[in-house]
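Trainee: Any chance you could fold what I've pasted below:
(2 chains)
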Amino acid sequence: MPARHPGTGRTRTVAAALAAGTALAVLTGCGAADMTRQSSPYAAARGAKTVTLSVQSWVGAQANTAVASYLLEHELGYRVDTVQVDEVPAWDALSQGRVDAILEDWGHPEQEKRYVTDKKTVTPGGDLGVTGHIGWFVPTYFAERHPDVTDWKNLDRYADQLRTPESRGKGQLMDGSPSYVTNDKALVRNLDLDYEVVFAGSEAAQITQIKQFAKEGKPFLTYWYKPQWLFERVPMTEVKLPEYQQGCDADPEKVACGYPHTPLRKYLNTRFAESGGKAAAFLKKFHWTVEEQNEVSLMIAEEKLPPEQAAEKWVERNRAVWEPWTG
Amino acid sequence: MLRHRAARKLLPLAVVAAALVPLALLFPGAGSWPAPLAVDLSGPLGRAGDWIIDNRDSHPLFLYFFGHVSNAVVICVRAVYSVLLAAGWLGVTAFAGLLAWRLAGLRLALTCVASFVACGLLGMWVPTLQTLALMAVAVGAAVVVGALLGLAAGLSARADRALRPVLDTMQVLPAFAYLLPMVLVFGIGVPAAVLATVVYAAPPMARLTALGLREADAGVLEASASLGATGRQRLFTARLPLARRQLLLGVNQAIMTGLSMAVIASVIGAGGLGDRVYQALASVDVGAALAAGIPIVLLAVVLDRTADAAGNRLGASTPGPARERSLLRRVFAGWYGRLLTVLAAVAAAVAGRIAGAALWPDSWLVPIAEPVNRAVAWMTAHLYTGVPVIGGTADWAARFTGWILDPMRTGLQAAPWWLLLLLAGALALLVGTWRTALTAVLALAAIGVLGVWEPSLDTLSQVLAAVAVTLVLGFAISLVAARSARAQRLLRPVLDVCQTMPQFVYLIPVVALFGVGRAPAAAAAIVYALPAVIRITTQGLGEVNPAAVESARSLGATRSQLLRQVQLPLARPALLLAVNQAVVLVLAVVIIGGLVGGGALGYDVVLGLAQGDLATGLVAGASIVCLGLLLDRVTQPAKEA
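Mentor: Here you go, the predicted model:
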């Protein structure tokens, strides 16, 4: 055992801690650190003005970001950083200034109340121009053979055909990423359906599985959403659920209705919205249609073009669409 | 002898079981954990999450502590990144090459340069720099923290006792599980990623430091004490220098675990190579994921081999200048050599800047994404179903799920909870001491108390099934490899790639081959855990005392007799270690399997991260830790027994 000198040891520890603390304070500028002003260390590293955009895991969101980044970089002279992050954490990041904008939000009332209404750290950035809709879908080739499958009341009759090793002897309703808005478990329970909700865990896994099923012409039932480029490759027909009415999904335990049609919205970090100059103005004006978004999405997901190249192609072909945004 | 001891230990348990099993038959409904014994944490945890979000911008704890930590991390990473960017690709590559040369010789220097060039060719230069910057800061901090903890544990027995369970927990904790609290406090992005990496990479450094200090040669210490050195002098002049091999090994381990974590941290917006892999995953683009995965593998291999070689060189006696063979090496030796290395790198950087080549030229790219995607498409088109005789991969997956996973899950979930506790205790007692058994039983009980009994058993069934397959495959391959040096040489790069390739890269191909569900998660876990099992087993078999093998052979033992009666028993410690590693690694990937439909705890962790749901995520994370502890304990190679 080494000899111990408790007194000096403690003094030294305290001194070291003090020194470390001082160094930290000097390094970061004394006083309070503002957690609402947190940017990425990679931003602005080359001396350019940087905008940070969040990308969600679905390809539509990638398309928005790709086109916005391309125009910001090539028309407005910004540098763009993208951060891939799920929807709820993206709101959090937006309020902290880690990202400047979300370009496609599917409706998060809880977050809107917390950040837009109460804290005012997030500012609405207007509509994206695309209306989103979530629903249950079967492949069109299956719906054509059995037209009555497109009503939820008849679904039980097809449970046998939709069984998989994962569905515990019932029919399989495939859900996607846990980050998506879904009431499916409650719906299956409350509509008393002979189905098991199987979570694919990520959109990538879900798409891969849908394509695999489609290649074999097998029937399947899946949670899916519009707009989505996959419809161009695997045509799917929506299954009618009890109609959505305002507030029928208020209690997540008692939901027994389908999903609403949601105009997708943009949100900006408040500080960025006020002082973001041309970039903020551009992102507020950014507004396009389902077809335009799908065109880019398909290039990314099917032709496997890097998002940047897909955006470049679209920008070249659609000058009239985007010119008003940059003006 | 061994059997006797085991029997004696198990006797009391057997008596208890004999009394309880009839009870189990009397109450067949006693399957799941009793509700009164569970604690629902969703209320308090949810409130804690809300409190953090509401107070993050105003509470002094954040303003004066976490905020500064976060800013310091950002500043450090930015500084490193700016330096790397300013050096340009020529400067960075030259510096890395020269450093590898000084530390590890010419061959590694060439590998190193080639690797950096490959990163550029794959179009990943900037992400590679981002990952390097993040790694440099995180690993640097992890080494400092780990060394301090190790110093405490190495010098004081009490600190060691206090630290051991903490380090144990940190090590069996799958990385994926504790990103959530980091995100909540620091928000997404680099600070959370760096701190998560530090937490993950510090334990191996701490352990090895402590080990090195404790193993320091007593004779040398005695000598230095007799020369009148004070405690501190002895530490710096004798104990630390004697422990330098272990210290370097610790640094090496910190680098490797740090790199794997830097990739996983892409889920919380860490940027860099991991982010590219993750984004490629989103558009189901295996080729692009691989293009980002390869640089990670290359970085890992280069860093590992360089640190390894540096460690070996330090361990060997320092050769005098006269024994240096080449003139060039002599020029680069000593402190002026160090200076020269830096100067040469700076010269390369300046030359690069003058030539206007700071960033990797866009025209020098090798697109690999497309051919890879075509290969994957071919594979899935031809292997999924309808392969004659053996059936397609989808059929295998269905059989694996139906015949192995389902019965195991049903069995585990239907078994009375106290019987499982008993079983865990018995198994742990068999391999360890009563203390091990207690830990195992408490870990399993904690899962029940947390209220996630059923999903945890689901995860457990997946782990057990995947471990079984891993072990069968691993042992079979090792038996072949142990006999032939050539096979080992061929295997090594394959194992390197499987072990260091980020697990996210596997996820899409396994879904394409096995469909969505638990089967692809198991497949990914097997691919990931197999290399460690093969390595450890091959080494264990290879190190079996040749004299024992020879004498058995001379007694006329056949090959299979030799294997069963000599080699396998002698390699028993290695085999047990392989089982232990397989369990820990499989658990880590089965959790990530939540992203491909593995469900259970993995899904809960993903859900917690995606929805910012502290209650679900933390409870699932905690039960994964418990599951990890349980599995680790019941497979721990028996040291004290």
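Trainee: Get me the contact residues on the stretch 1-150 of chain B for chain A.
Mentor: B:53, B:56-57, B:60, B:62-64, B:66-75, B:77-78, B:81-82, B:85, B:130, B:133 (C-beta under 8 Å from any C-beta of the partner chain). Where you see a C-beta, it was placed from the backbone N, CA and C, and this is true even at glycine.
Trainee: sec struct for the nearest residue to B:Leu84 once chain neighbours are set aside, please.
Mentor: Closest residue in space to B:Leu84, ignoring its immediate chain neighbours: B:Leu129 at 4.7 Å, by C-beta to C-beta, 6 or more residues apart in numbering or on different chains. Taken by DSSP: H, G, I helix; E, B strand; the rest coil, the conformation at B:Leu129 corresponds to helix.
Trainee: which ones are touching B:Leu129?
Mentor: B:Tyr81, B:Leu84, B:Leu85, B:Val92 (C-beta atoms under 8 Å, 6 or more residues apart in numbering or on different chains).
Trainee: Tell me the confidence at it?
Mentor: Note for B:Leu129: predicted pLDDT of 90.
Trainee: How about A:Ala320?
Mentor: pLDDT for A:Ala320: 90.
Trainee: Now do the host helix or strand of it: everything it contacts.
Mentor: Following DSSP states H and E, one finds A:Ala320 within helix A:319-326. Helix A:319-326 has contacts (C-beta under 8 Å, 6+ apart) with A:Val67, A:Leu71, A:Glu75, A:Leu76, A:Phe282, A:Lys285, A:Phe286, A:His287, A:Trp288, A:Glu292, A:Val315.
Trainee: at 7 Å instead, please
Mentor: Contact partners of helix A:319-326, identified using C-beta atoms under 7 Å, 6 or more residues apart in numbering or on different chains, comprise A:Leu71, A:Glu75, A:Leu76, A:Phe282, A:Lys285, A:Phe286, A:Trp288, A:Glu292, A:Val315.
Trainee: Buried ones from the residues you listed, can you make that a PyMOL selection?
Mentor: A single PyMOL command selects the buried members of the contacts of helix A:319-326 (16 or more other C-beta atoms under 10 Å in any protein chain shown):
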select buried, chain A and resi 71+75+76+282+286+288+292+315
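Trainee: Would you report which members of the contacts of helix A:319-326 are assigned to helices?
Mentor: Among the contacts of helix A:319-326, the members falling in helices (DSSP state H) are A:Leu71, A:Phe282, A:Lys285, A:Glu292, A:Val315.
Trainee: measure the residue lying closest to A:Trp288 once chain neighbours are set aside to B:Ala571 for me?
Mentor: Spatially, and ignoring its direct neighbours in sequence, A:Trp288 is nearest to A:Gly129 (5.1 Å; C-beta to C-beta, 6+ apart). Look at A:Gly129 and B:Ala571: by C-beta to C-beta, to the nearest Å, they are 66 Å apart.
Trainee: Can you pick out the residue with more neighbours from the two?
Mentor: B:Ala571 (24 against 15; other C-beta atoms under 10 Å in any protein chain shown).
Trainee: quick one, domains of chain B?
Mentor: B:67-87+B:126-318, B:385-635 (automatic domain parsing).
Trainee: Can you give me the neighbour number for the residue in the stretch 151-300 of chain A positioned nearest to chain B?
Mentor: Per C-beta to the nearest C-beta, A:Ser179 is where the stretch 151-300 of chain A lies closest to chain B, at 3.3 Å. Neighbour count for A:Ser179, taken as other C-beta under 10 Å: 23.
Trainee: who's in contact with it?
Mentor: A:Asp86, A:Glu87, B:Ala610, B:Gln611.
Trainee: Give me the distance between the second one and A:Val55.
Mentor: Using C-beta to C-beta, one gets 11 Å for the distance from A:Glu87 to A:Val55.
Trainee: now do the first one
Mentor: Taking C-beta to C-beta as the measure, A:Asp86 falls 10 Å from A:Val55.
Trainee: again, but for the third one
Mentor: Going from B:Ala610 to A:Val55 by C-beta to C-beta gives 14 Å.
Trainee: So which of these two has more stuff around it?
Mentor: A:Val55 (27 against 22).
Trainee: Please verify my assumption that that one contacts A:Gln62.
Mentor: Yes. Between A:Val55 and A:Gln62 there is a contact under C-beta atoms under 7 Å: 5.7 Å.
Trainee: that's a helix at B:Ala153, yeah?
Mentor: Yes. Counting by three-state DSSP, B:Ala153 is part of a helix.
Trainee: Tell me the spacing between it and chain A.
Mentor: 14 Å (C-beta to the nearest C-beta, to the nearest Å).
Trainee: measure that residue to B:Ala206 for me?
Mentor: 7 Å.
Trainee: Looking only at neighbour counts, state which of the two leads.
Mentor: Using other C-beta under 10 Å, the more surrounded residue of B:Ala153 and B:Ala206 is B:Ala206, with 28 against 25.
Trainee: What helices and strands are in contact with the host helix or strand of that one?
Mentor: B:Ala206 belongs to helix B:190-215 when elements are defined using DSSP H and E. Counting contacts by 3 or more C-beta pairs under 7 Å, 6 or more residues apart in numbering or on different chains; DSSP states H and E, helix B:190-215 packs against helix B:67-104, helix B:125-155, helix B:157-172, helix B:179-186, helix B:244-264.
Trainee: what's the fourth one packed up against?
Mentor: If you count contacts as 3+ C-beta pairs under 7 Å, 6+ apart, helix B:179-186 packs onto helix B:42-55, helix B:190-215, helix B:600-611, helix B:614-635.
Trainee: Please export the C-alpha coordinates of it as CSV.
Mentor: The C-alpha coordinates for helix B:179-186 follow below in CSV (Å, rounded to 0.1, in the frame of the first residue of the first chain):
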residue,chain,number,x,y,z
LEU,B,179,-28.9,6.5,-25.2
LEU,B,180,-32.3,7.7,-24.0
PRO,B,181,-31.3,9.4,-20.7
MET,B,182,-28.4,11.1,-22.5
VAL,B,183,-30.8,12.4,-25.1
LEU,B,184,-33.1,13.7,-22.5
VAL,B,185,-30.5,15.7,-20.7
PHE,B,186,-28.3,16.8,-23.5
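Trainee: Could you tell me how far that helix lies from the centre of the chain?
Mentor: How far helix B:179-186 lies from its chain's middle: 21 Å, per C-alpha atoms, centre = their mean, to the nearest Å.
Trainee: contacting residues around that helix?
Mentor: A:89, B:49, B:52, B:66, B:70, B:192, B:195-196, B:265, B:267-268, B:608-609, B:614, B:617-618, B:621.
Trainee: Disregarding residues adjacent in the polypeptide, which is nearest to B:Arg276?
Mentor: Counting by C-beta to C-beta, 6+ apart, B:Ala292 is the residue found nearest to B:Arg276 once chain neighbours are left out, at 3.6 Å.
Trainee: ok, that neighbour - how many residues close by?
Mentor: B:Ala292, neighbours per other C-beta under 10 Å, totals 31.
Trainee: Then the one 10 residues further on?
Mentor: Residues within reach of B:Val302, counting by other C-beta under 10 Å, total 21.
Trainee: ok but it is inside a strand, no?
Mentor: No. Going by three-state DSSP, the assignment for B:Val302 is helix, not a strand.
Trainee: And B:Ala348, how far from chain A?
Mentor: When B:Ala348 is compared with chain A (using C-beta to the nearest C-beta), they lie 20 Å apart.
Trainee: who's in contact with the nearest residue to B:Thr209 once chain neighbours are set aside?
Mentor: With C-beta to C-beta, 6+ apart as the criterion, B:Thr209 has its nearest non-adjacent residue at 2.5 Å, and that residue is B:Gly150. Residues near B:Gly150 by C-beta under 7 Å, 6+ apart: B:Met205, B:Ala206, B:Arg207, B:Leu208, B:Thr209, B:Ala210.
Trainee: The residue of the stretch 151-300 of chain B found nearest chain A and B:Gly402: what is the separation?
Mentor: Per C-beta to the nearest C-beta, the residue of the stretch 151-300 of chain B with the smallest distance to chain A is B:Gly231, at 3.0 Å. According to C-beta to C-beta, B:Gly231 stands 64 Å off from B:Gly402.
Trainee: Comparing those two, which residue is more hemmed in?
Mentor: Ranked by neighbour count (other C-beta under 10 Å), B:Gly231 and B:Gly402 place B:Gly231 first, with 15 against 12.
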